[in-house]
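A.B. asks: just to be clear, the model below is a prediction. Sequence and coordinates:
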2 protein chains.
Amino acid sequence: MAAPKDPRPCSIADTLALVGEKYSLLVLREVMLGNGRFDQLVRNIGAPRDILATRLRRLVDAGILGKHVYSERPQRFEYRATPAGRELHPVLMTLMAWGDRHLHADGDRPMVLEHSCGKALTPVVTCAACGDPVRQEHLTAHPQAPGWTIAGPAAG
Amino acid sequence: MAAPKDPRPCSIADTLALVGEKYSLLVLREVMLGNGRFDQLVRNIGAPRDILATRLRRLVDAGILGKHVYSERPQRFEYRATPAGRELHPVLMTLMAWGDRHLHADGDRPMVLEHSCGKALTPVVTCAACGDPVRQEHLTAHPQAPGWTIAGPAAG
DNA sequence: GTGAGAGGGTTTGATTTTCCAACCCTGCGC
DNA sequence: GCGCAGGGTTGGAAAATCAAACCCTCTCAC
């Protein structure tokens, strides 16, 4: 086991292999905002059309987006998130929250999400089991593959 | 207003501009696991050394990582997350949770995070104001820039 | 005091991606 | 029959990635 040649097996890396390329998560953002048509995506994301076409194929293949006909003649399509795609919403929220906190002044947020409780959303990640907000120092990492111990404060 | 040439202003895009390149979030992962040395990063991530050097410079410039001397002679460094970097932890958790759910069988998760409550962590994003788990359909998006209305189910 | 590492990178040259602009096709609407 | 909307594809130049080799400093064993 000692000297692994392959990188660490990891769900973060696996997920990023599907949605980590440039523009992919922005496609998800637009689709979740209801802007699932090719031209809307090009405009709202600012991506080259050919790259966008490649990304869309990939996301459809991965089961994250579905392609739906909204007009038969002429044939026109719209991309929508599948259930698996919708479950990426937490990723988008946490990315947005970080950018709001660290890249924008308080009055300068590009978009505000209003929660059904009436307040502007500030997302907090909690533990499903106990309900407490998760803090990194309260986690212990247990790699499941042999040879992949970790060094740091959360050694396991 | 009417016909925007620029893409949608958005904190998701802004954040990804800093950490969305290939390997950047994996660097964060390793650093948070306590593996902040160049060689560890190369091995555990599987990235080319030159690319890694580029990413590290960028993350340090962005204030996400700090470079710390752990040995004077010979001079040796270690990268650590700054407070801003640590606040990206929720992004990593949500990415990991998605991969665990959608890319791995139940018994096949590459890593388990144990919460201080004693259970394996399942992260849930909640609203800081009301404490409820956030569901996309309970959100209303309010773009703050003129001309950037949205089309979808969450129009605002 | 020389040779073999460890650690932290940089350099070089080939391969891939991205990017941009232009083009293509279908089917309206006039 | 002309122009436009929508949804792409194509071609060639520019940029990023990759793998392997190299460099430099210092330490340790011999």
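C.D. replies: Good, I have the coordinates.
A.B. asks: list the contacts of the nearest residue to A:Tyr79 once chain neighbours are set aside.
C.D. replies: When the adjacent residues along the chain are set aside, A:Tyr79 lies closest to A:Gly36, with 4.2 Å between them (C-beta to C-beta, 6 or more residues apart in numbering or on different chains). No exception for glycine: its C-beta is placed from N, CA and C like everyone else's. The neighbourhood of A:Gly36, defined by C-beta atoms under 8 Å, 6 or more residues apart in numbering or on different chains, consists of A:Glu30, A:His68, A:Glu78, A:Tyr79, A:Arg80.
A.B. asks: burial of the fourth one, as a residue count?
C.D. replies: Counted with other C-beta atoms under 10 Å in any protein chain shown, the neighbours of A:Tyr79 add up to 23.
A.B. asks: A:Ala141 contacts B:Leu113, correct?
C.D. replies: Yes - A:Ala141 is within contact range of B:Leu113, at 5.8 Å (criterion: C-beta atoms under 8 Å).
A.B. asks: from B:Pro7, how far out is the residue nearest to A:Tyr79?
C.D. replies: Spatial separation of A:Gly36 from B:Pro7 under the definition C-beta to C-beta, to the nearest Å is 16 Å.
A.B. asks: related to what we said a few turns ago, so for A:Ala141 and B:Leu113, which sits in the more crowded spot?
C.D. replies: Set A:Ala141 next to B:Leu113 and count neighbours by other C-beta under 10 Å: B:Leu113 wins out with 24 against 21.
A.B. asks: quick one: A:Arg43 from A:Leu92, how far?
C.D. replies: 19 Å.
A.B. asks: those two: who's more crowded?
C.D. replies: Here A:Arg43 and A:Leu92 are set side by side on neighbour count (other C-beta under 10 Å), and the busier one is A:Leu92, at 22 against 18.
A.B. asks: around DNA strand C, which positions in chain A sit nearby?
C.D. replies: Listed as neighbours of DNA strand C in chain A under the rule C-beta under 7 Å from any atom of the strand: A:Glu21, A:Lys22, A:Tyr23, A:Ala47, A:Pro48, A:Arg49, A:Asp50, A:Ile51, A:Thr54, A:Arg73, A:Pro74, A:Gln75.
A.B. asks: how many residues are close by the third one?
C.D. replies: I take that to be A:Tyr23. Neighbour tally, A:Tyr23, other C-beta under 10 Å: 24.
A.B. asks: in chain A, which residue is most central in space?
C.D. replies: Most central residue of chain A, judged by C-alpha distance to the mean C-alpha position with C-alpha atoms, centre = their mean, is A:Val91 at 4.0 Å.
A.B. asks: which element is encountered next along the chain beyond the strand or helix carrying that one?
C.D. replies: Element membership for A:Val91, per DSSP states H and E: helix A:89-103. Moving toward the C-terminus from helix A:89-103, the next helix or strand (DSSP H and E) is strand A:111-115.
A.B. asks: which residue is the nearest non-sequential neighbour of A:Lys22?
C.D. replies: With C-beta to C-beta, 6+ apart as the criterion, A:Lys22 has its nearest non-adjacent residue at 6.8 Å, and that residue is B:Gly20.
A.B. asks: make that A:Ala151, sorry
C.D. replies: B:Gly34 (4.1 Å).
A.B. asks: re earlier: quick one: contacts for the residue nearest to the centre of chain A?
C.D. replies: Taking C-beta under 8 Å, 6+ apart as the definition of contact, the neighbours of A:Val91 are A:Val19, A:Leu25, B:Val91, B:Thr94, B:Leu95, B:Trp98.
A.B. asks: any idea how far it is from B:Gly46?
C.D. replies: Remark: distance between A:Val91 and B:Gly46 (C-beta to C-beta) = 22 Å.
A.B. asks: how about the strands in chain A?
C.D. replies: Listed in chain order, the strands found in chain A under DSSP state E are A:65-71, A:76-81, A:111-115, A:123-127, A:139-143.
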